[in-house]
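Undergrad: sequence plus predicted model, see below.
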Amino acid sequence: ADPAMADALRRVRPDFVALLIDDIAIKDEKSPTKMLELTSIMRRNSLDVATPALIGTHSAYDGMRPSAPRRLMAKGRLVTFIEFQSTVFTLEAFQVLMRMVRPSVSRTWGYDVLFPGAFLSAMGRPP
């Protein structure tokens, strides 16, 4: 992990960390993303990782590991996979991700696939 990021996290100790890929817009007039609402949903549901639904992305993402909402009128849905594009982590979940990163192996690809297993190994429970 980047030493400056690790140091900043130790000093600040945020509850949540947002990871935003540079080509992702998290707000438009039709469907603004409310990050504080997202973190509130995470707290209420004891979630370690969350992301807004991706709309209007490349067709390859359509139907990726779909899951129905948990209950009628629920906000959000539980899924087995999150594409790391506009993702919010608890501090503990982000620290697991930081320990996984090995730029000499891969700068970006594959971490989202490997994350659930790494989290389970580190925390003793699934994310």
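TA: Everything's here; your move. Small disclaimer: the values here were computed from a predicted structure and weren't measured. Numbering: from 1, shown residues only.
Undergrad: the top helix by length along the chain: which residues count as buried?
TA: Looking across the chain with DSSP state H, the single longest helix is helix 111-123. Across helix 111-123, burial judged by 16 or more other Cβ atoms under 10 Å covers 111-112, 115-116, 118-119. C-beta here means a position set from N, CA and C on the backbone, and glycine is covered the same way.
Undergrad: mind checking the pLDDT average for that helix?
TA: Regarding helix 111-123, the rounded mean pLDDT is 92.
Undergrad: what helices or strands is that helix leaning on?
TA: helix 91-100 (3 or more Cβ pairs under 8 Å, 6 or more residues apart in numbering; DSSP states H and E).
Undergrad: 10 Å - rerun?
TA: strand 49-50, strand 86-90, helix 91-100 (3 or more Cβ pairs under 10 Å, 6 or more residues apart in numbering; DSSP states H and E).
Undergrad: and the shortest one, which strands flank it?
TA: The reference is to strand 49-50. Paired strands of strand 49-50, with direction, are strand 86-90 (antiparallel) (DSSP bridges).
Undergrad: the partner strand vs helix 91-100, what angle?
TA: 110 degrees (axes from the mean of the first three to the mean of the last three Cα atoms, to 10 degrees).
Undergrad: and for Leu47, the neighbour number?
TA: 18 (other Cβ atoms under 10 Å).
Undergrad: distance of it from Ala6?
TA: Using Cβ to Cβ, to the nearest Å, Leu47 is found at 23 Å from Ala6.
Undergrad: isn't Ser40 right up against Lys34?
TA: Yes. Between Ser40 and Lys34 there is a contact under Cβ atoms under 10 Å: 8.9 Å.
Undergrad: bridging residues for the most centrally placed residue in the chain?
TA: The centroid of the chain falls nearest to Thr87 when counting by Cα atoms, centre = their mean (3.2 Å). Beta bridges link Thr87 to Leu19, judged by DSSP bridges.
Undergrad: how about it, what does it touch?
TA: By Cβ atoms under 10 Å, 6 or more residues apart in numbering, Thr87 lies in contact with 17-21, 24, 38, 49-52, 93-94, 97, 112, 115.
Undergrad: let me see the mean pLDDT of stretch 86-104.
TA: Stretch 86-104 comes out at a mean pLDDT of 90.
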